[in-house]
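Provided below are the primary sequence and the corresponding predicted coordinates.
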Amino acid sequence: MFIGHWAPALAAAAISRKSPGLGTLFVAAQLVDWAFFTLAWIGIEHLRVIPGFTAMNPMDLYHMPYTHSLLGSAVWAAGFAALLWLATRDRTAALIGGMVVLSHWFLDLLVHVPDLTLAGAPPPLGLGLWNHPLIAIPLEAGITLAALLWYARARRGPLLPVLALGTVLALVQAVNWFGPPPTEAGPAMYGTALLAYGVVTAIAWWVGRTRAPVSPQG
């Protein structure tokens with residue numbers, strides 16, 4: 001799951017007027033992966049590239065207990081919610097932000113081969129849709145498009161920024177699916193992933209600045 005992780009961020013921004021800004025929610029949605037690639041870069045969590053490891057993804061994510069266990073994700077979610085509460089003193093916004101962080105683990109559960117855990121130890125979990133592209137591709141594209149359309153309908157503003165965000169999401173996902181696969185794990189891979197998250201988040205922040213909630217009367 002890549003751009004599909006941002007679907008809960010878009011949905012959260014659509015469903016509640018008290019949600020944090022879209023840029024903040026985009027950070028929340030990928031916070032677990034921001035942390036994972038950072039920890040991999042400094043040698044705390046680990047992955048390796050094995051060609052053909054899954055039908056869609058050559059990465060063997062063999063050690064990530066601090067980010068991709070359910071407990072680890074919950075800790076990141078609680079920390080993010082606490083920071084939001086300190087920044088806003090808004091419990092609803094903090095709760096929404098924390099839930100978006102936690103959504104990452106459950107979406108990964110759909111596509112990962114068994115490499116997720118409950119608390120960093122066996123049994124490994126994952127439904128393995130990365131081995132079933134005809135299911136995984138329309139699922140990820142569908143939930144992201146549906147969330148983007150919901151957000152565009154729920155938040156009034158110019159259409160161009162939303163179209164720009166949708167185009168960038170489609171492009172980065174196309175590269176992820178159909179571009180040359182990575183040949184080795186290392187700083188270049190980690191830096192590229194973090195750069196992609198940063199670019200998309202910056203665009204989401206811009207989009208959020210251009211839109212306001214539609215009133216209950218429409």
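That came through fine.

how far does stretch 117-124 stretch from start to finish?
With CA to CA, to the nearest Å as the measure, stretch 117-124 spans 5 Å from end to end.

let's see the pLDDT reported for L102.
Predicted confidence (pLDDT) for L102: 98.

P213 now?
79.

and the nearest residue to it once chain neighbours are set aside, how many neighbours?
Once flanking residues are discounted, P213 sits nearest to R17: 4.6 Å by CB to CB, 6 or more residues apart in numbering. C-beta: built from backbone N, CA, C; applies to glycine. Counted with other CB atoms under 10 Å, residues neighbouring R17 total 13.

how about the helices in the protein?
Assigned by DSSP state H, the helices in the chain fall at 7-15, 22-41, 70-88, 91-111, 133-154, 159-178, 187-209.

got CSV for the ones you listed, with distance to A55 and mean neighbour count too?
Converted to CSV, those look like this (distance: least, CB to CB, whole Å; neighbours: other CB atoms under 10 Å):
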stretch, distance to A55, mean neighbour count
helix 7-15, 22, 24
helix 22-41, 21, 23
helix 70-88, 25, 17
helix 91-111, 11, 21
helix 133-154, 6, 17
helix 159-178, 11, 15
helix 187-209, 20, 17
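
does F53 really touch L61, like I thought?
No: the pair formed by F53 and L61 falls short of the contact definition of CB atoms under 8 Å, at 9.4 Å.

let's have the helices of the chain in TSV, adding distance to V49.
Below are the helices of the chain laid out as TSV (distance: least, CB to CB, whole Å):
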stretch	distance to V49
helix 7-15	27
helix 22-41	12
helix 70-88	23
helix 91-111	17
helix 133-154	19
helix 159-178	14
helix 187-209	8
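
helices or strands next to the worst-scoring helix or strand of the chain on mean pLDDT in the packing?
None of the helices or strands of the chain scores lower by mean pLDDT, DSSP states H and E than strand 212-213, at a mean of 82. With contacts taken as 3 or more CB pairs under 8 Å, 6 or more residues apart in numbering; DSSP states H and E, strand 212-213 sits against strand 155-156.

can you give me the neighbour number for P124?
Neighbours of P124 (other CB under 10 Å): 13.

nearest spatial neighbour of it, chain-adjacent residues omitted?
P124's closest residue in space is P114 (CB to CB, 6+ apart), at 3.7 Å.

what's stretch 45-61 in contact with?
36, 39-40, 62-68, 112-113, 115, 128, 130-133, 136, 177, 181-185 (CB atoms under 8 Å, 6 or more residues apart in numbering).

nope, stretch 170-185 is what I was after
Residues contacting stretch 170-185 (CB under 8 Å, 6+ apart): 2-3, 40, 47-49, 51, 56-59, 137, 140-141, 144, 189, 196, 199-200.

what stretches of the chain score poorly on pLDDT?
Of all residues in the chain, those with pLDDT under 70 make up the ranges 215-218.

compute the number of surrounding residues for the closest residue to E140 other than its chain neighbours.
The spatially closest residue to E140, leaving aside those adjacent along the chain, is G4, at 4.0 Å (CB to CB, 6+ apart). By other CB under 10 Å, 24 other residues sit near G4.

so who does G4 touch?
Neighbouring residues of G4 by CB under 8 Å, 6+ apart: 107, 139-140, 143-144.

now T192
Counting by CB under 8 Å, 6+ apart, T192 has no contacts.
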